[in-house]
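Undergrad: need a structure here:
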Amino acid sequence: MPVNLTPNAIAAIIAGDVNSKPLLQVLDIKLLSNNAQQERYRLLLSDSASSQHAMLATQLNDRVRTGRVKKGSVVQLIEYICSQIQNRKIIVVLNMETIIPDCEVIGNPNTSLGSDSTAQKAFSNNNMQNSSRFNNNRPSAQNSSHDEQNFRPTVQPPFQPPPVYKSHGAIVKNEAPARIIPIAALNPYQGRWAIKARVTAKGDLRRYNNARGDGKVFSFDLLDSDGGEIRVTCFNAVVDRFYDVIEVGRVYLISKGSLKPAQKNFNHLKNDWEIFLESNSSVELCPDEDASIPRQQFSFRPISDIENAESNCILDVIGVVTFVNPSVPILRKNGMETQRRILNVKDMSGRSVELTLWGDFCNREGQKLQELVDGGFFPVLAVKSGRVNDFSGKSIGTISSTQLFINPDFPEAHRLREWFDRGGKDSASLSISKDITLGGGPKNEIRKTVSQIKDEGLGRSDKPDWITVRATVSFIKTDTFCYTACPLMIGDRQCNKKVTKSGTGSTRWQCDRCNQEFEECDYRYLLQAQILDHTGITWVTAFQESGEEILGCSAKELYLLKYEEQDDDKFGNIIRSKLFNQFMFRLKVKEELYGDEQRVKITVVKADKVNYSSESRYVLDLISKICKQ
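TA: Predicted structure coming up:
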């Protein structure tokens, strides 16, 4: 049965037509490897009259390894691009289907080496002189027909990967500067490229520990004149080269990096790729600021949309700050102390949201915002790259790449200011954050009694119930109030798994998860307590932060007092002094499986001392509502 390849398909593709789905034949396959030692396959494709080299996308490598694509196969190109690499045109095959697995060579194709002027005849009866170049792909003598031997290429294929120079000293390159292209045009199948872009955000330098050892990493975000954005990441020695060089707001010319798929869990930019700088990468500061590249690019979402946004998604929001809480110290999971400050922000959508500032944001922008609000002026705040949290209602928190702009000079801010000054200040606004505090008044929260937890079947649905209960601590279990925890970092989080002494009489601790030993461990609360109100009593579990709020001291202090100093009297006095203290408990109620039995677990998320002035106003308001019924 004759096979008809798509006529003139090679010429059409080189001319820029990548919308058709041509039938082509594979004349040759060669295995290559790049600098990263990643396997790549180069194909020689034919339309029966002309032939052209093509690179196979790495996700299609299995087609060659399993024999679905081989020399002689007739294939249909589904997705492909044509790129300029080393002054030659190369087809990059992104997706294709095998139509005929094995077929005799069709037609009498000539090689097309990227331009008509360099086209050479690819097949000759004198192929035996050059057969040694193709031994890796040559069929055995038993299976080679006379026709197959006559269709051997007589010239070395022109495209070769760039050589890798190792320990050969300095070399001189005579290269023209890489062509500057838009960020949106970047893809992993290009040759040399360069982008000119402004740094819009720079992440903190982070250190990590994993199975490969210790390391460090930082990232920064770029924006070009066409509105394209992309994240750039540096590791280890590359961090030392570029961390101090990169400044937010400056314009750079960047080239010689590798592109990899963006990790969408951590990268919120609208780009499928991410640049990784390497030892030979180039980052040059552009002396001119280039006014065509904007300072920043926003995609603002109204607060009403955040109510239905997915947890941990990254977005931009703008609103008027109506309340600022003081900054408070918080002990992080890694044992380090940081600062937290909570704001309230409202906009024209009729909603308000809680914004949590962490770390340096509290003392920089946070302090300025507090001074403005305390002085009677309510500033407009634009938040670039805030993270949505659905913990006890929707809220927004800062991350390392977040940027805050106070009273910025752009249209959205001016519209908000005009709306607020003309009556928006006094307009009703429903909070989408259940724990928001407005001027010290009652909290917009779900208040329950202890008995209602059981009577209303809380925690037995698919999602946990988040409630607030005013209750008294009546009993604290002291035999297992805390545990010894692993202090090692896994990425940007602490391990926190339980650790044990590495041997009898040893002073070192061992973590089975990290498979490491260390001199000092952490001590973390795992507090079991009973709380009661006028309706009933229940058991709750309090972990690190909430345990410290209940007992007023760290788990390490109590552990050393009980097990090292063995001062039972002092230990007992501390525990007894915390009994019958009243708290506003924020509780997470969720049914969990213990063995074969379903049980409702109640976890203390936060334990605040009762503000009796605020609580009195809440009770009076509740009485007023009941009287009106």
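
Undergrad: Now do the strands for the stretch 201-350 of the chain: every range, in order, please.
TA: 206-210, 213-223, 229-235, 251-261, 273-285, 314-324, 328-331, 337-346 (DSSP state E, counting those that start in this stretch).

Undergrad: What strands flank the first one, and is each parallel or antiparallel?
TA: Looking at strand 206-210 with DSSP bridges, its paired strands and their directions are strand 213-223 (antiparallel).

Undergrad: and what of the last one?
TA: Paired with strand 337-346 in the same sheet, following DSSP bridges, are strand 314-324 (antiparallel), strand 328-331 (antiparallel), strand 351-358 (antiparallel).

Undergrad: The fourth one too?
TA: Looking at strand 251-261 with DSSP bridges, its partner strands are strand 194-202 (antiparallel), strand 273-285 (antiparallel).

Undergrad: now do the third one
TA: Within its sheet, and counting by DSSP bridges, strand 229-235 is paired with strand 213-223 (antiparallel), strand 273-285 (parallel).

Undergrad: so where's the longest helix in the protein?
TA: In the chain, taking DSSP state H as the definition, the longest helix is helix 612-628.

Undergrad: could you give the mean pLDDT of it?
TA: The average pLDDT within helix 612-628 is 74.

Undergrad: Which positions within it qualify as buried?
TA: Under the neighbour-count criterion of 16 or more other C-beta atoms under 10 Å, helix 612-628 has Tyr618 buried. Every C-beta, even on glycine, is put in place using the N, C-alpha and C of the backbone.

Undergrad: Which per-residue confidence value corresponds to Val320?
TA: At Val320, pLDDT is 95.

Undergrad: Now it: closest residue in space that isn't a chain neighbour?
TA: Phe420 (4.8 Å; C-beta to C-beta, 6 or more residues apart in numbering).

Undergrad: got it, and Ala237?
TA: Per C-beta to C-beta, 6+ apart, closest to Ala237 is Ser279, 6.8 Å.

Undergrad: For Asp28, grab the count of nearby residues.
TA: Asp28 has 20 neighbours, counted by other C-beta atoms under 10 Å.

Undergrad: helix, strand or coil for Ile550?
TA: Here Ile550 is recorded as helix under DSSP: H, G, I helix; E, B strand; the rest coil.

Undergrad: Might one say that it is in contact with Leu527?
TA: Yes - contact criterion C-beta atoms under 8 Å: Ile550 and Leu527 qualify, at 6.7 Å.

Undergrad: close enough to count as contact, Ile183 and Arg231?
TA: No - using C-beta under 8 Å, Ile183 is not in contact with Arg231; the gap is 10.6 Å.

Undergrad: any shared contact partners between those two?
TA: Residues within reach of Ile183 and of Arg231 at once, by C-beta atoms under 8 Å, 6 or more residues apart in numbering, are 222, 271.

Undergrad: Okay, the closest residue to Leu205 other than its chain neighbours and Ser255: tell me how far apart.
TA: Excluding its sequence neighbours, the residue lying closest to Leu205 (C-beta to C-beta, 6+ apart) is Phe218, at 4.8 Å. Separation of Phe218 from Ser255 (C-beta to C-beta, to the nearest Å): 19 Å.

Undergrad: And the protein, what are its domain boundaries?
TA: 9-153, 183-285, 303-431, 450-481+526-617 (automatic domain parsing).

Undergrad: Next, the distance between the ends of the shortest one.
TA: So the one you mean is domain 183-285. Start-to-end span of domain 183-285 (C-alpha to C-alpha, to the nearest Å) is 17 Å.

Undergrad: The last one too?
TA: With C-alpha to C-alpha applied, domain 450-481+526-617 spans 21 Å between its terminal residues.

Undergrad: Tell me the gap between it and the middle of its chain.
TA: Relative to the centre of its chain, domain 450-481+526-617 is centred 34 Å away, using C-alpha atoms, centre = their mean, to the nearest Å.

Undergrad: same deal with the second one?
TA: Relative to its chain's centre, domain 183-285 lies at 14 Å (C-alpha atoms, centre = their mean).

Undergrad: next one: stretch 366-382
TA: Centre-to-centre, stretch 366-382 and its host chain are 31 Å apart (C-alpha atoms, centre = their mean).

Undergrad: Mean confidence (pLDDT) on that stretch, please.
TA: Here the average pLDDT along stretch 366-382 is 91.
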